[in-house]
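kindly return the folded structure for what I paste below:
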Amino acid sequence: MNDLIAIRRATPADGVLVEGLTRRIWTGRVSLESTVFRETPETVAAQLARGGGAILLAGDVPIGSGRWVPVPGPEGDGLWMEVKRIGVLADWRKRGFGDLILKDLEAQGREAGAAGAQLAVRHDQGRLVDFYAGLGYVLADDVELTTINHLSPPPTGMRKRFQD
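Okay, here's the model as predicted:
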């Protein structure tokens, strides 16, 4: 496939697109008890309005996305960002696109004044801990999430402080 790969920033008007794409990406990959399956286009649009998002495109076809919301830093350390729902459709995985999405989200957070980023890895997606560690994230057992799932075991929290 020789489609041109690009990333564009998501806006609240992309709530329907991002919610549907995220659902397609995560279906069959995570348990049905995941909070991803309780999201709506409206809740996704609200997250995009509070923070931001990225849509990965192959030509003009959306193939991946991710988003972020602002959160307080650890121990009250200013503004941070919580990275949420990075994913790529199955036919496009294993090509480094998750890394591209994350870097775009981090750039958006930096532009918004975030001092760092935090995220959570679902208990059933443990292989992602190494992925994020390779991108500078460290384990952090005190990460407080904006979306808590009481139906699943606690996720693994990770954090990365941005360099000036």
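
pull the contacting residues for Arg161.
115-116 (C-beta atoms under 8 Å, 6 or more residues apart in numbering). In short, each C-beta sits where N, CA and C put it, glycine included.

Glu42: which element?
When elements are assigned from DSSP states H and E, Glu42 belongs to helix 41-50.

try Leu102
With DSSP H and E as the criterion, Leu102 is inside helix 97-111.

summarise which helices and strands that helix is packed against.
strand 5-10, strand 52-58, strand 61-72, strand 79-88, strand 116-121 (3 or more C-beta pairs under 8 Å, 6 or more residues apart in numbering; DSSP states H and E).

dump these to a markdown table, plus mean pLDDT, mean neighbour count and distance to Gly28.
Shown next, in a markdown table, are the helices and strands packed on helix 97-111 (pLDDT from 0 to 100; neighbours: other C-beta atoms under 10 Å; distance: least, C-beta to C-beta, whole Å):
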| stretch | mean pLDDT | mean neighbour count | distance to Gly28 |
| --- | --- | --- | --- |
| strand 5-10 | 97 | 17 | 23 |
| strand 52-58 | 98 | 23 | 19 |
| strand 61-72 | 96 | 21 | 16 |
| strand 79-88 | 95 | 23 | 12 |
| strand 116-121 | 93 | 24 | 18 |
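
could I get those as CSV with distance to Ala46?
Converted to CSV, the helices and strands packed on helix 97-111 look like this (distance: least, C-beta to C-beta, whole Å):
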stretch, distance to Ala46
strand 5-10, 12
strand 52-58, 12
strand 61-72, 9
strand 79-88, 12
strand 116-121, 19
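
could you check the helix holding Leu102 and say which residues are buried?
For helix 97-111, the neighbour count (16 or more other C-beta atoms under 10 Å) marks 97-98, 100-102, 104-106, 108-110 as buried.
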